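Peer 1: Take a look and give me a structure for this.
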Amino acid sequence: MVSKLDLPPAQQRSDFAEVAIASVAGLALAVTILYIFAVPVAGKLAASRDFLSYWATGRQLVHHHNPYDRDAIWAIEHAAGLDPRTVLIMRNPPWALPLAYPLGFLGLRVAGILWTLLLLACLLTSIRMLHQLYGSPPSRINWIGFAFTPAIICLTMGQTSLLALLGLVLFLRFHRCHPFLAGAALWLCALKPHLLLPFAVVLALWIVVSRSYRLLAGFTVALAFTSAFATFIDPSAWPDYARLMRSPSVENQFIPCLADVFRHWLRPHAVWLQYLPAAVACLWALIYFWSRRAHWDWLSDSSPLILVSLLAAPYSWLYDQCLAIPALLDGAYATRSRKLLAVLALLILAADIEICFVKVTSTLFLWTAPAWFIWYLFARATAAKDSTLPPVTSA
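Peer 2: Okay, the predicted model is just below:
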């Protein structure tokens, strides 16, 4: 029998990195599963999640009322047990209303269970599909996705960012073989279009350069169908949504992301400043794509686009960073450095621990988006440096 001490140093480092990833993933997933099973037992716990805003929106739609009515939503949420000092409004565009509509026919607990299972399925499917896209290697690197703090927060809060993640992964999976389906899947990303603006700019230019108009057709059909259905169930949804987004309670709300910090630091009342980082990022994205247009590969070349999009998003929350999972797995599969994998596991563990003591609305989480991007740059740099060396994997 060969002892672990007899293994080559590289193999020992590989084992340490994978044990670190597996430990962090196992701990995070166990806590999440316990929380998920606790939700149907404790009604107040279910009423404290962001999911409540989708359920309240569905209740309004079922009764043919304005889904963006702040006072009406507050009354529904307060009756369900939400703190009366708080109101959660669904800010997704009207084409997302068909997602909330069926929830209005269900009780809060049943709807909460089904919604959580849907989000869990989105996470598991996305990670499994990414693992297959990289050739199903025997390592446990893909477990990073299970432990990723933003994804865990999405599950516990009931946020739609995991749906956007699934749409992004489906696009990466099917854009070559089934472009119409890949385009339709991008509708899920359109649930939160502000998160991927540089990505969207490059996608539009790539469609023209590569003449991938079937992909555009898929997205257009999906968007048109859901928009038409939203108009059918609520004919005044569009003006009501525009009125909500222009309201002072939305425009003046502070959101802990770099773009909003930049705006409040420079000129708090100049809303346009919040979109300036995204505009600069879009310009960079065009230059980045054009220099690689001849050999563009969405699976690997889009990773910097995704991370820069999240960094420069005009507004975003910590849980929205679950969209970084494809980019982080791209870097993790590419790097030959087991130390870097261990560092990523420790970064995720630090965020997991921090969320136990700090609210998700705190500016203390501003470090996460830059941290994922910097880690990815190091991972890709080591991949380029050691490209002549065989990767270290374990069975």
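Peer 1: hey, let's count contacts and neighbours off CA atoms from now on
Peer 2: Will do.
Peer 1: residue boundaries of the helices in the stretch 151-300 of the chain?
Peer 2: All helices of the stretch 151-300 of the chain, identified by DSSP state H, counting those that start in this stretch, fall at 161-174, 179-189, 197-210, 213-233, 237-245, 248-251, 258-266, 276-290, 298-312.
Peer 1: and the longest one, how far from the chain's centre?
Peer 2: Using CA atoms, centre = their mean, to the nearest Å, we find the averaged C-alpha position of helix 213-233 to lie 22 Å away from the chain's own average C-alpha position.
Peer 1: just the last one next, same as before
Peer 2: In terms of CA atoms, centre = their mean, the centre of helix 298-312 is found 12 Å from the chain centre.
Peer 1: helices or strands up against that helix?
Peer 2: helix 197-210, helix 258-266, helix 276-290, helix 325-334, helix 368-385 (3 or more CA pairs under 8 Å, 6 or more residues apart in numbering; DSSP states H and E).
Peer 1: Mind listing residues that contact the longest one?
Peer 2: Helix 368-385 is contacted by residues 304, 307-308, 310-311, 318, 321, 324, 327-328, 331-332, 334-337, 340, 344, 351 when judged by CA atoms under 8 Å, 6 or more residues apart in numbering.
Peer 1: Correct me if wrong: L323 contacts L165.
Peer 2: Yes: with contacts defined as CA atoms under 8 Å, L323 counts as touching L165 at a distance of 5.2 Å.
Peer 1: Of the helices and strands packed on helix 298-312, flag the one that's most buried.
Peer 2: helix 325-334 (a mean of 24; mean count of other CA atoms under 10 Å).
Peer 1: Report the angle between that helix and helix 161-174.
Peer 2: 50 degrees (axes from the mean of the first three to the mean of the last three CA atoms, to 10 degrees).
Peer 1: Let me know the average pLDDT across helix 325-334.
Peer 2: For helix 325-334, the mean per-residue pLDDT is 93.
Peer 1: gap between that helix and the chain center?
Peer 2: 15 Å.
Peer 1: Then stretch 202-211?
Peer 2: Using CA atoms, centre = their mean, the distance between the centre of stretch 202-211 and that of its chain works out at 23 Å.
Peer 1: show me where the stretch 1-150 of the chain has helices.
Peer 2: Applying DSSP H, counting those that start in this stretch to the stretch 1-150 of the chain gives helices spanning 9-38, 43-47, 51-62, 70-80, 97-100, 108-133, 144-147, 149-157.
Peer 1: Which residues outside the third one are in contact with it?
Peer 2: Yep, that's helix 51-62 we're talking about. 46, 66-68, 73, 76-77, 88-90, 97, 100-105, 108, 111-112, 115, 157-159, 233-234.
Peer 1: gap between it and the chain center?
Peer 2: For helix 51-62, the distance to the chain centre is 22 Å (CA atoms, centre = their mean).
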